[in-house]
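[1] Provided below for reference: sequence and predicted model.
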Amino acid sequence: MESLSLVIFGVCLALTLPVALIMTVRTWSRRRTWAHVEGTVTSVKTKRQTSGNTQTTVRYQYVDSSGQQRTGTDTPWFREPKRNSKIAVMYNPEQPEISEASSMTWLYLLLVFSVVVFVIGGVLVVSGLGL
């Protein structure tokens with residue numbers, strides 16, 4: 001029974017890599033097809049959640065290809081930009097109101113983490129199967 005638990009847990013851990021790869025492919029696809037512009041951070045707000053963790057939300061503005069000023073929000077994973085600082089923004093040219101900060105740092109770190117978890121999951125599967 002313990003070996004079956006190891007195998008199941010290992011498979012669950014190993015599934016993080018395909019999920020991370022799907023996220024990476026989708027993000028790279030957006031990066032290729034979406035428009036890239038420079039945006040300006042208009043506000044940075046940090047809220048303390050009931051769990052004790054904090055969540056930072058960044059509002060930014062950018063100008064789309066038709067010259068219309070747009071706004072967007074993002075939740076940075078690592079570096080918290082300062083108000084009035086410049087950030088890279090990408091937006092959907094077919095729906096310019098849909099945008100996101102175009103940092104890829106979080107995605108690369110997620111991939112590295114997923115590979116490590118995948119390897120751990122593989123080791124657990126192999127040890128659970130007794131190979």
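    Yep, that arrived.

[2] which residues are in contact with the strand of greatest length in the chain?
    Assignment by DSSP state E gives strand 35-48 as the longest strand of the chain. Applying CB atoms under 8 Å, 6 or more residues apart in numbering, the contact partners of strand 35-48 are 54-65, 71-72, 80-93, 96, 99, 101-102. From N, CA and C alone the C-beta is placed, and that goes for glycine too.

[3] buried ones in it?
    37, 39-41, 44 (16 or more other CB atoms under 10 Å).

[4] residues near Y60, how many?
    Using other CB atoms under 10 Å, Y60 has 24 neighbouring residues.

[5] now F118
    Residues near F118, counting by other CB under 10 Å, number 19.

[6] averaged pLDDT, the helix ranked longest in the chain. What do you get?
    If you go by DSSP state H, the chain has its longest helix at helix 105-129. Over the span of helix 105-129, the pLDDT mean works out to 81.

[7] elements contacting it?
    Contact partners of helix 105-129 among helices and strands, from 3 or more CB pairs under 8 Å, 6 or more residues apart in numbering; DSSP states H and E: helix 2-14, helix 16-33.
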